[in-house]
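Enquirer: After the sequence you'll find the predicted model.
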Amino acid sequence: MLPNESLVNYIFPNNAHIEWSLMIVIYPYITGLVAGAFVVSSLYHVFRIREFEGIARFALVAAFCFGLFAAVPLLVHLAQPQRAFNIFFTTHLTSAMSVFGYVYSSYMVLLMAELWLTYRDYFIERARETSGLQRVVWTALTLGVTEYTPEAARIDYRLTTFLAAIGIPWACVLHGYVGFIFGSVKANAWWATPLQPIIFLMSAIVSGMAMLCLMYSFVRWRTGRPYDYAMIRKLMIFLWGFVIVDFTIEVLEVFYSYYEHGHHWSLIGPLLSGPLYDSFVITQLLTLSAIPFLVLAVVVIRGVDGKPLLYLANFASLLLVLQVLVMRFNVVIGGQYISKSDRGFATFHFEILAKEGVLPALIILAAPFVVYYILSRFIPIFDDDERLTAR
Amino acid sequence: MKQPETNGRRVFLSKLLGGGVAAAGALMALRTPALARVLEDKDEGFDPGEREYVFVVDVQKCIGCGNCVRACGIENNVPEGQFRTWVERYVVTHEGVHVDSPNGGMNGFEAIDPALREQAINAFFVPKLCNHCAEAPCVQVCPVGATFTSPEGFVLVDPEHCIGCGYCIQACPYGVRFLNKERRVADKCTWCYHRIRRGQQPACVTVCPTGSRSFGNVRDENDPVTQVLKDDQWDVLKPGMHTQCQVLYVGLPRVVV
């Protein structure tokens, strides 16, 4: 079915190429993982959800690892990457995109400050215990503050709570703002909705929580340490809640467009029954949203515990991290399927080795996990880490 | 012992701050806003203050010869397969609308399919180009100010500042922007700004054999385009976008997007 009584698939000559490709798909995905992981950390620090105490630090380190690579896809995407810093120097404030540099970098500063406060007593200890080059590195990490008094610990605790508290709205700004970049493009019927920032934010939290569950289970399994089932259960309760809100808003958005039957539906209707049918209707909604929703419902309502909880939680989380990735694809690429001619759809072809191909995207997506692995060699992340328990 | 260390840190921090401010100042001085450079770069006898341009397309006069597309490509070094202007052919039937623009209409159009011709209730050509919107979404969204509006109302791209993010391409409702595959920056029709500054007409206007395309200054009473405004029988593309297009279409069928 083609839009607006078109007899042939007519796309404007300049719309043949999909300009925002896989890099712009994974950019909001990684940013979302940062925001989602940070929220989990803050649920303990600010809202005192005590079940998350054991993973608050882990969530923070994970958020930092994802944060390091959030801007990389953008840099790879730019046709003139050497001018990337113009976004700081010649900021054009009417542009939603222009403040990205400031929002992103300030958030990273906040994350680093929070991490430093969390780990600085460990840095001090290592600086004292080691010698040679190692000592130089650990001392550098202490930023020259080599005393750690009970008074300092008390202040650090208050500062950490404060940063976690302002970090929540800031994480929401960071990711809601990514949604705004898309939602404010009136030229694109599939993007233009004021709900877009909320949709992005909710899906970000879903992906961040689900990814933490997968990472946590994997790390505990690999290191042969026990699982904290009470924590996993609590995480699943929150995850289910956010999945419900996320799913509801996304479906509501489409239903509104359908019910209004206005200009937008003249394009979205054919889009959803055409090029997006498989990836949006079948994959995103009916498979990767509905199944985890039901699995989590069972987990939460039936009070599943122990190994069954672990398996079901990871099954649901795996589907949800894929769901959010597919959702990013459906938004970014899906919107560009619609030619500005309003009378046809462009096509998208996956490239493998090209600059914005599948392989570079996979490398960037894998990078945060590599950095996490490296960091976990040097700093204790869980409370039962030998490096902590030995002290 | 504690005091000197604190002082040292204070001195260090103040130096850091001073250095940061100096570096930021130097960078701000280095930047050359695109608009400022356009204003400085004045041509003899060209006063932007007395001009307000519109581009008029008379749809019923277009014969789809493709002269304009070829001339634009040569004048502006437009890469093959990308278009600063193009021509569409509409064939309207009771069943629906058939639109095509093979290679942007650059080589004209082959005869339409006889079966389609049988059904046709209307057929015409529509030239497309940048609308140089007074409320241009592309100007609004450019994160670095590389796309800007000149004092005479031309929407232009500074190729030396464009970072190639593509946001302007997404924001344009008319599909007139593209990422120039040779220069790797955003590109689009400039209404041949370089020619206008020399008192010439846009390349596409000069080669149009039927006068379907015209361009002029609405502040000049003697300019033929002023008659179009007086007649008030013009339309713009996608009026719902509210971008205040400065390309005015005369005789535009409603079916055109």
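Expert: Good, I have the coordinates. Being a predicted model, the structure only gives us computed values, none of them experimental. Numbering: from 1, shown residues only, chains lettered A, B, ... in the order given.

Enquirer: tally of neighbours for the residue of the stretch 101-250 of chain B found nearest chain A?
Expert: Across the stretch 101-250 of chain B, the shortest distance to chain A (CB to the nearest CB) belongs to B:Gly164, at 2.4 Å. Heads up, the C-betas are built off the backbone N, CA and C, glycines and all. A count of nearby residues for B:Gly164, using other CB atoms under 10 Å in any protein chain shown, gives 21.

Enquirer: Next: A:Ser106.
Expert: Each residue near A:Ser106 was counted by other CB under 10 Å, and the total is 14.

Enquirer: Now it. Nearest residue, chain neighbours left out?
Expert: Sequence neighbours aside, A:Trp170 is the residue nearest to A:Ser106 in space, at 7.4 Å (criterion: CB to CB, 6 or more residues apart in numbering or on different chains).

Enquirer: just A:Leu252 next, same as before
Expert: For A:Leu252, the closest residue by CB to CB, 6+ apart turns out to be A:Leu195, at 7.6 Å.

Enquirer: what sits against residue 183?
Expert: In the absence of a named chain, this looks at chain A. Taking CB atoms under 8 Å, 6 or more residues apart in numbering or on different chains as the definition of contact, the neighbours of A:Gly183 are A:Trp191, A:Ala192, A:Thr193, A:Pro194, A:Leu195, A:Gln196, A:Pro197.

Enquirer: if you could check chain B rather than the one you did, that'd help
Expert: Contacts of B:Arg183 were listed using CB under 8 Å, 6+ apart, and they are B:Pro159.

Enquirer: Need the pLDDT of it.
Expert: In the prediction, the pLDDT value recorded for B:Arg183 is 97.

Enquirer: Just give the number of residues close to A:Ala361.
Expert: A:Ala361: 21 neighbours (other CB under 10 Å).

Enquirer: which stretch of helix or strand covers it?
Expert: For A:Ala361, the element it lies in under DSSP states H and E is helix A:358-378.

Enquirer: Packing partners of that helix?
Expert: helix A:22-45, helix A:53-68, helix A:72-77, helix A:196-222 (3 or more CB pairs under 8 Å, 6 or more residues apart in numbering or on different chains; DSSP states H and E).

Enquirer: SS state for B:Gly81?
Expert: The assignment at B:Gly81 comes out as coil when based on DSSP: H, G, I helix; E, B strand; the rest coil.

Enquirer: For burial, what's the neighbour tally of it?
Expert: 13.

Enquirer: returning to what we had before: go through the contacts of A:Gly183 and give me the one with the most neighbours.
Expert: Using other CB under 10 Å as the neighbour definition, these reach their maximum at A:Gln196, which records 23 neighbours.

Enquirer: Sort out which residues of stretch A:46-64 are buried, please.
Expert: Under the neighbour-count criterion of 16 or more other CB atoms under 10 Å in any protein chain shown, stretch A:46-64 has A:46, A:49, A:51-52, A:54-64 buried.

Enquirer: In those, find the pair that's most separated.
Expert: Greatest spatial distance among the buried residues of stretch A:46-64 (CB to CB): A:Glu51 and A:Phe64, at 21.9 Å.

Enquirer: average model confidence for stretch B:114-126?
Expert: pLDDT averaged over stretch B:114-126 equals 97, rounded to a whole number.

Enquirer: do the same with stretch A:366-379
Expert: When the per-residue pLDDT values of stretch A:366-379 are averaged, the result is 97.

Enquirer: List the contacts of residue 206.
Expert: As the question left the chain open, I've gone with chain A. Residues touching A:Val206, when contacts are defined by CB under 8 Å, 6+ apart, comprise A:Gly36, A:Leu239, A:Phe242, A:Val243, A:Asp246, A:Leu320, A:Gln323, A:Val324.

Enquirer: oops, chain B please
Expert: Applying CB under 8 Å, 6+ apart, one finds that B:Thr206 lies in contact with B:Ala71, B:Gln200.

Enquirer: what do you get if the cut-off is 10 Å, keeping everything else the same?
Expert: Contacts were defined as CB atoms under 10 Å, 6 or more residues apart in numbering or on different chains; by that measure B:Thr206 touches B:Asn67, B:Cys68, B:Ala71, B:Glu75, B:Cys192, B:Arg195, B:Gln200, B:Arg213, B:Phe215.

Enquirer: how about the last one, secondary structure?
Expert: The local conformation at B:Phe215, judged by three-state DSSP, is strand.

Enquirer: What count of nearby residues applies to it?
Expert: Applying other CB under 10 Å, I find that B:Phe215 has 22 neighbouring residues.

Enquirer: how much space between it and B:Phe154?
Expert: Distance, B:Phe215 to B:Phe154, using CB to CB, to the nearest Å: 11 Å.

Enquirer: Quick check: neighbours shared by those two?
Expert: With contacts defined as CB under 10 Å, 6+ apart, the residues adjacent to both B:Phe215 and B:Phe154 are B:Tyr53, B:Trp191, B:Cys192, B:Ile196.

Enquirer: Can you dump the C-alpha atoms of the helix or strand that contains B:Trp86 in PDB for me?
Expert: Applying DSSP H and E as the criterion places B:Trp86 in strand B:85-92. Provided in PDB are the C-alpha atoms of strand B:85-92 (Å, rounded to 0.1, in the frame of the first residue of the first chain):
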ATOM      1  CA  THR B  85      16.600  21.300  -8.600                       C
ATOM      2  CA  TRP B  86      14.500  18.600 -10.400                       C
ATOM      3  CA  VAL B  87      11.300  18.300 -12.400                       C
ATOM      4  CA  GLU B  88       8.500  15.900 -11.600                       C
ATOM      5  CA  ARG B  89       5.900  14.600 -14.000                       C
ATOM      6  CA  TYR B  90       2.400  14.100 -12.700                       C
ATOM      7  CA  VAL B  91      -0.200  12.000 -14.400                       C
ATOM      8  CA  VAL B  92      -3.500  12.100 -12.600                       C
END
